[in-house]
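In: Here is a sequence with its predicted model. Questions after.
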Amino acid sequence: MRTAEQAKTTAKIARGLEGVLAAATHIAEVDGAKGRLTFRGYDIRELIGRVTFEEVAYLLWHGKLPNQQEYIALRDEMNRARDLPPATIAALRELAPHTSGMHMLRMAAAMLSLDDSDVDDLDINANLRRAARLQAQIPALIAHTWRLKNGQEPVTAKPEHGLAAGFLYMLEGAEPSQARVDAFDAYLGVIAEHGLNASTFTGRVVISTNSDMVSALTASICALKGPAHGGVPGPVLNMLEEIGTPDQAEPWVRAELAAGRRIMGFGHRVYRVRDPRAAVLTTAVERMATATGERTLLELTQAVEQTTVKVLAEVKPGRDLYANVELYAGLILHTVGIPSEIFTPMFAIGRTAGWTAHMVEQLDGNRLMRPLAVYVGPYDRTWQPMDERD
């Protein structure tokens, strides 16, 4: 029988759980070698720009794209759900002056059980309905809090607004242009799901305890808050502003690498080629640039990408470091007019669809997640009275 001392020396720890299979999923496949991301068998390049974010969410939840009747029913259900209960609005009024960003969203999300009388119901169909309701309420929480923090009253979206248009209207109180709606809708669809990442895994762990979906969603938001996972678009935008012009890209990148600093928006734990989400967002920004005539920031971003990939290949050969989704996420959110303070909450809007799809999948044949740890601390210690301790 192996002793604990032997376990110390022979156990192979998968740091960060890298390479560990923890779930079998029907929801999405992330193929890092080929640079391919599929939702329920659809390559995202087949979907984004052709379907709305609501269609993407329905696909993730139900395994198929909705027909017209199902789509209308989902839109109606989500439109009704984004009217937050008075108790939630009252709490937002109290909290908004004191906090912001992901701190605010973390606290606000936990209140989404206030008007859910059967929040602890673990029935699959009940949680599919709950997923649609939560998907509609997260954008409302963010928009209302932003306005309250800036001395403005909350605005109610119009019945004809889809989720993307409704959010921009609730945020600004004015009808957004179709180009902005389309670009934001594409962003939400692209980042709706990405396999068993840190925040998705967190949500599955919580729901595996037979906790409720609101608690699991709040936990996922807490995981997303960490800058190692979801907090990069703001720094990416700062980087672009610091570089300023395409001709300054190479000296800036070389100076950063020489100083031992990471270039924001490049490299990914899974992808060894260009992140496919970056490619889809590039197309979305190109469409918006064609509609608005504004190409300056897009051309700067493209120049920075080309230069950085070239320099990284020279300085760090064999590392396969390419643009990830955050490089173009920062660009598209800035172009749409989203305040940088709420860039990471924007990620939470889109990813709520994937999070809740995984929670529903976990509940189907649920088993409590309980991994093992190997003890590597000291042994055979004896108690000493306090006056004899070092």
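Out: Perfect, thanks for sending it. Numbering: from 1, shown residues only.
In: contacts, neighbours, all on C-alpha from now
Out: Fine.
In: what ranges do the helices span in the stretch 151-300 of the chain?
Out: 163-172, 178-190, 198-208, 213-225, 233-243, 249-258, 276-292, 296-315 (DSSP state H, counting those that start in this stretch).
In: relative orientation of the third one and helix 213-225 in degrees?
Out: The reference is to helix 198-208. Counting by axes from the mean of the first three to the mean of the last three CA atoms, to 10 degrees, helix 198-208 points 150 degrees away from the direction of helix 213-225.
In: sorry, back to before: relative to residue 90, which of the helices of the stretch 151-300 of the chain is closest?
Out: helix 163-172 (17.0 Å; CA to CA).
In: Run through who's touching that closest one.
Out: 53-54, 136, 139-140, 143-144, 146-147, 154-158, 174-176, 181-182, 184-185 (CA atoms under 8 Å, 6 or more residues apart in numbering).
In: The helices of the stretch 151-300 of the chain: lowest mean pLDDT?
Out: Among the helices of the stretch 151-300 of the chain, helix 233-243 has the lowest mean pLDDT, at a mean of 86.
In: list the helices and strands it packs on?
Out: helix 296-315, helix 325-336, helix 343-363 (3 or more CA pairs under 8 Å, 6 or more residues apart in numbering; DSSP states H and E).
In: How far does it sit from its chain's centre?
Out: 19 Å (CA atoms, centre = their mean, to the nearest Å).
In: One more: stretch 176-183?
Out: 21 Å.
In: Tell me the buried residues in that stretch?
Out: By neighbour count with 16 or more other CA atoms under 10 Å, stretch 176-183 contains the buried residues 176, 179-183.
In: ok so, going back, which stretch among the helices of the stretch 151-300 of the chain comes nearest residue 15?
Out: helix 198-208 (13.2 Å).
In: Can you check which of the helices of the stretch 151-300 of the chain gets nearest to residue 357?
Out: helix 198-208 (9.5 Å).
In: Residue 356 and residue 213 touch, don't they?
Out: Yes - between residue 356 and residue 213 there is a contact under CA atoms under 8 Å: 7.4 Å.
In: Residues in contact with both of the two, list them for me.
Out: In contact with both residue 356 and residue 213: residue 131, using CA under 8 Å, 6+ apart.
In: what about the strands in the stretch 1-150 of the chain?
Out: 28-31, 36-39, 42-43 (DSSP state E, counting those that start in this stretch).
In: Output the helices of the stretch 151-300 of the chain as JSON lines; include the columns distance to residue 103.
Out: Listed next are the helices of the stretch 151-300 of the chain as JSON lines, based on distance: least, CA to CA, whole Å:
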{"stretch": "helix 163-172", "distance to residue 103": "18"}
{"stretch": "helix 178-190", "distance to residue 103": "21"}
{"stretch": "helix 198-208", "distance to residue 103": "15"}
{"stretch": "helix 213-225", "distance to residue 103": "8"}
{"stretch": "helix 233-243", "distance to residue 103": "16"}
{"stretch": "helix 249-258", "distance to residue 103": "30"}
{"stretch": "helix 276-292", "distance to residue 103": "27"}
{"stretch": "helix 296-315", "distance to residue 103": "29"}
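In: closest to residue 37 out of the helices and strands packed on helix 233-243?
Out: Of the helices and strands packed on helix 233-243, nearest to residue 37 by CA to CA is helix 325-336, at 11.9 Å.
In: Show me what the closest one packs onto, helices and strands only.
Out: If you count contacts as 3+ CA pairs under 8 Å, 6+ apart, helix 325-336 packs onto helix 178-190, helix 233-243, helix 276-292, helix 296-315.
In: Residues contacting the first one, please?
Out: With contact meaning CA under 8 Å, 6+ apart, helix 178-190 is reached by 44, 48-49, 52-53, 56, 164-165, 168, 277, 280-281, 284-285, 287-288, 291-292, 329, 332-333, 336, 346-347, 349-351.
In: Just the buried ones from these, in ChimeraX syntax?
Out: Buried residues within these, by 16+ other CA under 10 Å, are selected in ChimeraX with:
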select :44,48,49,52,53,56,164,165,168,277,280,281,284,285,287,288,329,332,333,336,346,347,349,350,351
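In: measure residue 89 to residue 382 for me?
Out: Distance of residue 89 to residue 382, given as CA to CA, to the nearest Å: 56 Å.
In: More neighbours: which of these two?
Out: Between residue 89 and residue 382, counted using other CA atoms under 10 Å, the more crowded position is residue 89 (18 against 5).
In: how close does the more buried one get to residue 300?
Out: 41 Å.
In: Equivalent analysis for residue 342, please.
Out: 23 Å.
In: Show me which of residue 356 and residue 213 is the more surrounded one.
Out: residue 356 (31 against 27).
In: so who does the closest residue to that one other than its chain neighbours touch?
Out: Leaving out its chain neighbours, the residue that sits closest to residue 356 by CA to CA, 6 or more residues apart in numbering is residue 131, at 5.7 Å. Residues counted as contacts of residue 131 (CA under 8 Å, 6+ apart) are 213, 353, 356-357.
In: Now the two most distant members of these.
Out: Across the contacts of residue 131 (CA to CA), the longest gap, 12.2 Å, separates 213 and 353.
In: pLDDT score assigned to residue 37?
Out: 96.
In: How about it, nearest residue that isn't a chain neighbour?
Out: residue 30 (4.8 Å).
In: contacting residues for the one you found?
Out: So residue 30 contacts 36-38, 194-195, 270 (CA under 8 Å, 6+ apart).
In: and residue 225, how many neighbours?
Out: There are 21 residues near residue 225, going by other CA under 10 Å.
In: so it touches residue 105, yeah?
Out: No - Residue 225 is not in contact with residue 105 according to CA under 8 Å; the separation is 9.5 Å.
In: how near is residue 268 to residue 321?
Out: 7 Å.
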